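A.B. asks: Just the structure for this:
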Amino acid sequence: MKKLVNTDKEQKRVSISSKRQFTIPQRFYTELGFDKEAICMVEDGRLVIVPAESVSGGEFAEQILAELIKEGYSGVELLNEFKSRQAKVKPAVKKLLESAAKAAKGEESFFSYEDVFGGKEDS
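C.D. replies: Okay, the predicted model is just below:
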């Protein structure tokens, strides 16, 4: 197999359709764990395509990304830090729900809106 890029990694040439579509070779697709979505980015003049992980807590994705961008993350570093922070959402929500259930049963103390925010918001 002729190497298109100066690397020792396995490569495969793929065709790109008139609609800018191509097929990820099955071996790469399986090995990397692709499913229904991928994340594409340009890094060092190259197109990088990685599997998009299915994550819960997607409702916080925009907030997490905005914060990471504000902190100066970009490229693969942004993706890695996003995955790390996104992975923490589900356990945190689970813990909150468990705590709320215990508080509802009187097994654990709880904080009221006023405790947390110092009073109800004025209209």
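
A.B. asks: Just the element for the most centrally placed residue in the chain, please.
C.D. replies: Among the residues of the chain, K83 comes closest to the average C-alpha position under C-alpha atoms, centre = their mean, at 4.2 Å. When elements are defined using DSSP states H and E, K83 is found to belong to helix 75-87.

A.B. asks: Counting by contacts, list what that helix packs against.
C.D. replies: Applying 3 or more C-beta pairs under 8 Å, 6 or more residues apart in numbering; DSSP states H and E, one finds that helix 75-87 contacts strand 38-43, helix 61-70. Quick note: C-beta positions are derived from backbone N, CA and C, even for glycine.

A.B. asks: Those: which one's closest to K90?
C.D. replies: The closest approach between K90 and any of the helices and strands packed on helix 75-87, judged by C-beta to C-beta, belongs to helix 61-70 at 12.5 Å.

A.B. asks: all strands in this structure, in order from the N-terminus.
C.D. replies: In the chain, the segments counted as strands under DSSP state E are 38-43, 46-51.

A.B. asks: Include mean neighbour count, mean pLDDT and distance to E53 when you put the helices and strands packed on helix 75-87 into a markdown table, please.
C.D. replies: Rendered in a markdown table, the data for those read as follows (neighbours: other C-beta atoms under 10 Å; pLDDT from 0 to 100; distance: least, C-beta to C-beta, whole Å):
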| stretch | mean neighbour count | mean pLDDT | distance to E53 |
| --- | --- | --- | --- |
| strand 38-43 | 12 | 88 | 9 |
| helix 61-70 | 13 | 89 | 11 |
